[in-house]
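*Asks:* here are the coordinates; sequence isn't available:
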């Protein structure tokens, strides 16, 4: 038996088995199915292939290197600093032009700070005191500048008393200028060089236009008419990000410069160009001082003739620029193509499944179609038995042959064609004769 | 012929063709199939849709901006530095609060280094010598501090002789304090401001709680009871990362602060909140000095009255904090929904395929079901021939008609129903009459 | 009717329904189909499972921490700087060993700059002038170093006249050394410590070989024979990146160090090792000065006895190293396995679809197979009617029974087997007798 099974299995290896279909001449469902098929096809071709380029193998892990270089000078004339000129080495932090750079636009300078004792700033709640007992010695001032010495002092030019502290003295004044010091930073330019590489496709490119016109690259400014010029005006960047430079220069902030490489490598390399977009990354709408703007403190350290350290503390307000590079490269590849087509066809199967539900359970004649789609087995068996009954009853001399023939034919035809069966695997063409001979 | 084919193709365009099924009344396989179906359905609904939110279009490329700001002062009193107060400008490197910041907790200071000649440190194997010949002039000391001058000296307060070198002299002493200098850094706080944006959905948010209660944001500390407070105590961060601050402060280390945004934009924006987690990134279990801890050297440069440069070399031990932001936003979208459903149904097909194998090759009556599922063709043809044979043999006057009728009926019925055929495409219903008329 | 439908639906719940197949004994298509199946199977097993490890759940979001530490000293002897020794604190910027570090290999020093007035450099086009009118006071020199004072001066040792500017004076000389100052940087070594963590699988590892042989880790150098040594010779890195160190040291450049972790966590952790690759990230082939090399300016600030600031401006050329870590970890998971198998089988469906097209529309006997695959309904009905016609015509006494029997049998057989129908769901086995009795 099993051996027969395996033999049959082997023999039938090179027969092509194809599903048998029932044609339901129901135009409603038919049209519904065509609509479903067409929409799936439209989705597959239109969306998956044309829009999403589903026939391409993509690489999103690009290697990127960003070099930034600022140019520009600013001249200021203030009471505490006097006439002063600011150049790149002064206002760019950190100096090595990486993808994140900070341009100082405003600052509070506290010169000649030395390790000493002085009254804490009155703007710090924890430092306010009435008597020495309010200032336990050795305790650090919360959110303050130093450690309490134990005495409660009255700062000159202030009516309130604060704890004396050991700190870098004098402490910083909490007075911010009303207008940015380096307002002219708006006219500074930044040269952004971004070289990328898609490892999977071994494709490299630079955002600097491949031109021999040296002077163009020195003098151009990025804009709608120069979309591939790598030199940007700070003022424009901030404006494109939807902010006002002057107010941003006062409080500071963070600007994101997105460089997007969306390359279709089936086209020419010259088609693969960067696309720049600018957005403000800190929430400019926050009114609360705690979460608006951008500033930090740093110090320049000096040593006097006696070898004593002193420093100039600088609270720097300014704009931090984050250059973020991301990209995607696509190139034709057979595998994703096959997968997408396959899944599309699988989707068709889903569509058929849905239409079957309609045909078999929702429309008026569903009962009938269900009968057609699914092959009942039992009734068939009954029919054959009935034939046999008749055949026996109305048997006459000279009739066996033809009736036999007919019955046999029924049996055979029914079995092998319509799967009506006596529910016995033993019954098949060559066995039936002797079986019937047993009658 | 071909034209007929195309005509038929066109006519049948709007008939709905549905697969024909055989109902195998085998409860075993039936139940097996239901189980398979149910588990696939459960997987599809439970896992793909509920857990993985397969009905959503997701955006994982978030734009993030991190601003960090430390607060806190530390007072130290050591022999070489004397009484000294450390504030933010002293211990935070680099000063501009980016997403990676370093807090100095311990340091080895080598003041007043000048370009000169002095004996190399005895702790460097390559510098040990017995006579001048061991110190070829101009050769750099491997892993050392300078270039050999050619002389072999005996450093004061040391019994061993080392090569004299041209270097920043005196060279650094390899003596690390037993306890961290800035132990009180444990109480410093860091304010982490993280604004994110999901470009695809144009959704922005900040990790700072949108409250008007200014004092709350100034005084709260992140913790289980304040999950959305953006101010962290360094000591807590280290503890949550599973390390001990004091020992980490001595040797240094790296702590990762992960901020995870997992936003379901089908819900209210207020549901989209950051989730913080902390982990130690350098391998704290490494005993070997070479791969444990974190430290680096930097120098402060001074110039004396004669215009000669000298410097203070600082070997800084401390904790580096890396703030890493990642996130995922999802929003309902019809396309992934369709795709997931489709692939789920395709999976059902796979289930059916599996059950077929069981039905057709593994169970006892498989032979029988195989006969049912696959429609044999040849045997059918035989049967018809046999009928014809009988019909001719037992032909009698007056019998032609009826027998003819029967035969015809067989032929027709068999052909169009059971695919038993005379292997001739020409034979079909309307042609048979004249064909038979030829008898 | 509907209720019957639901009853039938319920009863048939645990019958296993399997598609009915027609066996087309066409070896051509059969073999074609087998070929398609085998290629899909090969693709599924070979590509999806073996190559792409489709049975694994992957995690590509790894947490990485990079610590870098340079070693090496260089001795220089130049006219302007005299004998000088450079150590790590001098040439590494920034000092804290992060994943991006810069090694200074060449520099232009402009010492003792003070805020004053001096003629602009002649190399700046915008500063050239003939008379004072060419230098409007207060205007900044484009791409220059200061703000014009309004006078047109003749710099000593230069034949051309330039505007006088207020700036850090004297301005920098545009003269680059012909050979790199720190040429010996080629022999510096960098120790790169990279600890990674795959959060999804809670798997951590460090690129430092887990050996107790301390001296090995101190003395080894990365190379083909030491693939897991974390110490690299700068000269080798540059060579492996395909550049020449000396020329790169002169102009500067950017080198990318990719560390790739490709871990199969189904194997032992010791199998999960880093793979290093090196590439040059700035476009070295660019001849234009504007986009080749890497340099930046920074200043050291001093204060003289009178408390006046002065600085030393340094234009640093050198090599920036970007350590980029990416990785992928895979571990067996049932879900992707199922999905891949499912989609593979769905693909088989696509293959069958394709073969059907061939069978039904492209081969010679397609017409015939189409007839077999799709079950025509109308013709069937005709046949039955014809039988009835004959049956009535040649009816004779004593004949009813047998004929009845036959007809009934036809009716039954045809109906339930071959779906030939009078297009009436009412017709089925038990009804046919009285129906025929009506004759």
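*Replies:* That came through, no problem. Bear in mind that the values here come from a model prediction, so they are computed numbers and not experimental data.

*Asks:* which secondary structure elements does the lengthiest strand in chain A contact?
*Replies:* Criterion DSSP state E: the longest strand present in chain A is strand A:309-332. Contact analysis of strand A:309-332 by 3 or more C-beta pairs under 8 Å, 6 or more residues apart in numbering or on different chains; DSSP states H and E lists strand A:56-59, strand A:63-71, strand A:100-119, strand A:189-198, helix A:234-240, helix A:245-251, strand A:253-264, strand A:295-303 as its packing neighbours. The way it works is simple: take the backbone N, C-alpha and C, and place the C-beta from them, glycine included.

*Asks:* With mean neighbour count and mean pLDDT added, can I get those in JSON lines?
*Replies:* Formatted as JSON lines, the helices and strands packed on strand A:309-332 follow (neighbours: other C-beta atoms under 10 Å in any protein chain shown; pLDDT from 0 to 100):
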{"stretch": "strand A:56-59", "mean neighbour count": "18", "mean pLDDT": "88"}
{"stretch": "strand A:63-71", "mean neighbour count": "21", "mean pLDDT": "90"}
{"stretch": "strand A:100-119", "mean neighbour count": "20", "mean pLDDT": "92"}
{"stretch": "strand A:189-198", "mean neighbour count": "22", "mean pLDDT": "90"}
{"stretch": "helix A:234-240", "mean neighbour count": "19", "mean pLDDT": "95"}
{"stretch": "helix A:245-251", "mean neighbour count": "20", "mean pLDDT": "90"}
{"stretch": "strand A:253-264", "mean neighbour count": "21", "mean pLDDT": "92"}
{"stretch": "strand A:295-303", "mean neighbour count": "20", "mean pLDDT": "92"}
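
*Asks:* looking at the ones you listed, which is closest to chain B?
*Replies:* strand A:295-303 (3.6 Å; C-beta to the nearest C-beta).

*Asks:* so what strands line up beside that closest one?
*Replies:* If you go by DSSP bridges, strand A:295-303 pairs up with strand A:309-332 (antiparallel).

*Asks:* coming back round to it: kindly reformat the helices and strands packed on strand A:309-332 as CSV containing distance to residue B:182.
*Replies:* As requested, the helices and strands packed on strand A:309-332 are exported to CSV (distance: least, C-beta to C-beta, whole Å):
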stretch, distance to residue B:182
strand A:56-59, 46
strand A:63-71, 34
strand A:100-119, 15
strand A:189-198, 37
helix A:234-240, 38
helix A:245-251, 31
strand A:253-264, 29
strand A:295-303, 17
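
*Asks:* looking at the ones you listed, which is closest to residue C:190?
*Replies:* Closest to residue C:190 of those is strand A:63-71 (C-beta to C-beta; 17.9 Å).

*Asks:* hmm, back to that, buried sites along the longest strand of chain A?
*Replies:* A:309-331 (16 or more other C-beta atoms under 10 Å in any protein chain shown).

*Asks:* what's the closest of the helices and strands packed on strand A:309-332 to residue C:371?
*Replies:* Nearest to residue C:371 among the helices and strands packed on strand A:309-332 is strand A:56-59 (42.0 Å), distances taken as C-beta to C-beta.

*Asks:* so how far is the closest one off the chain centroid?
*Replies:* With C-alpha atoms, centre = their mean, to the nearest Å as the basis, strand A:56-59 stands 15 Å off its chain's centre.

*Asks:* For that strand, which helices and strands make contact with it?
*Replies:* If contacts are counted by 3+ C-beta pairs under 8 Å, 6+ apart, strand A:56-59 sits against strand A:309-332, helix A:334-357.

*Asks:* ok, back up a step: right, so of the helices and strands packed on strand A:309-332, which gets closest to residue C:161?
*Replies:* Among the helices and strands packed on strand A:309-332, the nearest to residue C:161 by C-beta to C-beta is strand A:63-71 (23.4 Å).

*Asks:* which residues are contacting that closest one?
*Replies:* Outside strand A:63-71, the residues that touch it by C-beta atoms under 8 Å, 6 or more residues apart in numbering or on different chains are A:88, A:92, A:97-99, A:101, A:103, A:188-199, A:321, A:323, A:325, A:327, C:143, C:254, C:256, C:258, C:279, C:281-282, C:294, C:296, C:322, C:324.

*Asks:* Neighbouring strands of that strand in the sheet, and parallel or not?
*Replies:* In the sheet, strand A:63-71 lines up with strand A:189-198 (antiparallel) (DSSP bridges).

*Asks:* distance between the strand it pairs with and the chain's centre?
*Replies:* 22 Å.

*Asks:* C-terminal to it, what's the next element?
*Replies:* Sequence order places strand A:203-206 as the next helix or strand after strand A:189-198, per DSSP states H and E.

*Asks:* does chain C sit close to that following strand?
*Replies:* Yes - contact of strand A:203-206 with chain C (C-beta under 8 Å from any C-beta of the partner chain) involves A:204, A:206.

*Asks:* about what we covered before: if you average pLDDT over the longest strand of chain A, what comes out?
*Replies:* Mean pLDDT, computed over strand A:309-332, is 92.

*Asks:* cool, and stretch A:146-157?
*Replies:* 84.

*Asks:* Next one: it, is it in contact with chain B?
*Replies:* Yes - counting by C-beta under 8 Å from any C-beta, chain B is contacted by stretch A:146-157 at A:146, A:147.

*Asks:* Show me what that stretch is in contact with.
*Replies:* Residues from elsewhere that reach stretch A:146-157, judged by C-beta under 8 Å, 6+ apart: A:117, A:119-120, A:122, A:129-132, A:134-141, A:160-168, A:171, B:73, B:75, B:85, B:87.

*Asks:* make it 7 Å
*Replies:* For stretch A:146-157, the surrounding residues in contact (C-beta atoms under 7 Å, 6 or more residues apart in numbering or on different chains) are A:117, A:119-120, A:122, A:129-132, A:134-141, A:161-167, B:73, B:75, B:85.
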